[in-house]
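**Student:** Starting from these lines, generate the structure:
(one chain, ligands or ions: 1)
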Amino acid sequence: MKTSTRCVHLSEFEDQYGATVPPIYQTATFQQSSATEFGEYDYSRSGNPTRTVLETHLAELENGRHASAFASGMAAITALTRLLNSGDEIIAGNDLYGGTVRLLGQILPRQGIGVRYVDTSDVDAVRKAVSSRSKLLLVETPSNPFLRISDIRRLGELAHDAGAWLAVDNSMLSPIFQQPLDLGADFVIHSATKFLSGHSDITAGVIVTKSSELHEQIAFQQNAEGAGLSPFESWLLIRGLKTLSLRVERQNHSAARVAQFLQGVPEVKKVYHPSLIDHAARVVHLGQATGDGAVISFITGDEQFSKQIVEGTKLFSIAVSFGSVASTISLPYCMSHASIPPALRDQLAPPSDLVRLSVGIEDVDDLIEDLSLAIQSAIVCRGKVSKVAAARVC
Ligand SMILES: *Cc1c(COP(=O)(O)O)cnc(C)c1O
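**Tutor:** Have a look, this model is predicted:
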């Protein structure tokens with residue numbers, strides 16, 4: 001079956017009363033038939049039927065065999081890093097989500113785990129960075145906010161030759177457009193808060209793998225540390241997944257139009273979207289993905305001007321995160337990437353004039369008009385800004 005069909009049909013779900021939607025098992029404990037006989041479930045930290053429906057569904061959508069759902073994307077990434085030991089090292093992309101950089105830079109060193117950042121769109125640079133200590137290669141493609149493309153197949157081979165795992169954070173594209181496990185990744189991780197949920201009403205995270213052995217370790221971790229997704233959030237995510245394909249297809253088409261519009265605006269210096277990347281990167285991208293996603297970034301060369309645009313839109317609301325049905329706009333330097341520690345900001349933070357959009361499911365002509373009006377009013381304001389106001393944006 002095609003992925004859009006699989007979004008709607010939960011293959012393994014069966015209910016004793018024939019409910020067409022999985023019930024929310026809002027319970028912490030499950031009764032045992034005796035003190036020595038255990039049923040399939042005993043305690044919701046270890047496992048919950050609603051979460052199991054979700055995990056089975058997520059594994060199928062990513063063409064994996066097992067999935068574990070967590071309370072947030074960061075909880076999922078944390079569980080993944082727990083597979084490493086003191087003395088091991090992570091090779092990570094240099095254009096990663098800010099919260100991931102914070103975890104890698106400020107928590108993992110305390111456990112004796114090292115991190116090296118490289119431009120993972122450059123396979124040779126990754127090859128040079130890998131050492132006998134490297135255990136995990138962690139990649140986002142397209143990256144965020146620069147939308148750089150990393151070659152999943154080649155990085156998978158490289159990681160495996162070095163005795164390391166490849167984990168791909170697939171939050172930007174979702175399994176509708178990219179299925180990294182089929183390209184050689186050992187793990188797919190998601191901030192399910194983004195496209196998978198699609199409604200900005202939960203935080204959730206996922207780890208999917210084809211390997212039963214690796215899954216056992218992740219599931220052990222999920223139970224031991226207690227960061228599994230709750231029954232109600234699991235239920236909401238199951239609901240969100242049904243429209244995943246419908247939503248992201250629409251968002252994908254609209255984003256391509258918005259990117260084209262922005263490219264035609266003289267005040268916009270550069271637009272970042274996978275539909276606009278150079279030929280070599282485009283070839284790699286189209287070799288592993290079938291869509292470009294709904295996140296677009298652009299720079300104007302003037303941080304005050306960018307701030308005016310962000311604050312001037314009406315349909316795009318100012319919010320961190322992306323992937324919701326409602327369009328959002330942000331200044332990552334001050335918002336999502338502000339969590340990058342000051343010492344790493346020069347190396348890893350986006351420029352302060354960079355604006356990021358997440359295109360929702362509204363009518364695309366309305367979205368373009370909204371952006372156009374915000375840009376026009378920012379142009380009018382540009383001449384009037386006082387020196388004080390122009391000092392710093394955040
Ligand atoms: C948001 C995000 C995360 C973190 O997920 P949370 O659900 O916010 O914890 C990780 N990776 C990427 C690419 C993200 O965009």
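
**Student:** Would you mark the buried spots in the helix or strand where residue 369 lies?
**Tutor:** Assessed by DSSP states H and E, residue 369 sits inside helix 364-382. For helix 364-382, the neighbour count (16 or more other Cβ atoms under 10 Å) marks 364, 367, 368, 370, 371, 374, 375, 378, 381 as buried. All C-beta spots, glycine's among them, are computed from the backbone N, C-alpha and C.

**Student:** Name the residue of the chain that lies nearest to the ligand.
**Tutor:** Going by Cβ to the nearest ligand atom, the ligand is nearest to residue 73 of the chain, at 2.2 Å.

**Student:** Show the contacting residues for the residue nearest to that residue when sequence neighbours are not counted.
**Tutor:** Counting by Cβ to Cβ, 6 or more residues apart in numbering, residue 73 lies nearest to residue 191, which is 2.8 Å off, once chain neighbours are set aside. Listed by Cβ atoms under 8 Å, 6 or more residues apart in numbering, the contact set of residue 191 reads 72, 73, 74, 76, 97, 169, 171, 203, 204, 205.

**Student:** Dihedrals phi and psi, residue 191?
**Tutor:** Residue 191 adopts backbone torsions of phi -90, psi 100, taken as degrees, to the nearest 10.

**Student:** Okay, and the beta partners of it?
**Tutor:** residue 205 (DSSP bridges).

**Student:** can you pull the pLDDT of it?
**Tutor:** The model reports residue 191 with a pLDDT of 98.

**Student:** residue closest to the middle of the protein?
**Tutor:** In the chain, the C-alpha nearest the mean C-alpha coordinate belongs to residue 171, at 2.4 Å (Cα atoms, centre = their mean).

**Student:** I'd assumed residue 194 was in contact with that one.
**Tutor:** Yes - contact criterion Cβ atoms under 8 Å: residue 171 and residue 194 qualify, at 4.8 Å.

**Student:** separation between residue 175 and residue 195?
**Tutor:** From residue 175 across to residue 195, the span is 9 Å (Cβ to Cβ, to the nearest Å).

**Student:** again with residue 41
**Tutor:** Using Cβ to Cβ, we find residue 41 at a distance of 29 Å from residue 195.

**Student:** between these two, who's got more neighbours?
**Tutor:** residue 195 (30 against 18; other Cβ atoms under 10 Å).

**Student:** Need the nearest residue in space to that one, chain neighbours excluded.
**Tutor:** In this structure, residue 195 finds its nearest non-sequential neighbour in residue 323, 3.8 Å apart by Cβ to Cβ, 6+ apart.

**Student:** what secondary structure does residue 296 sit in?
**Tutor:** strand (DSSP: H, G, I helix; E, B strand; the rest coil).
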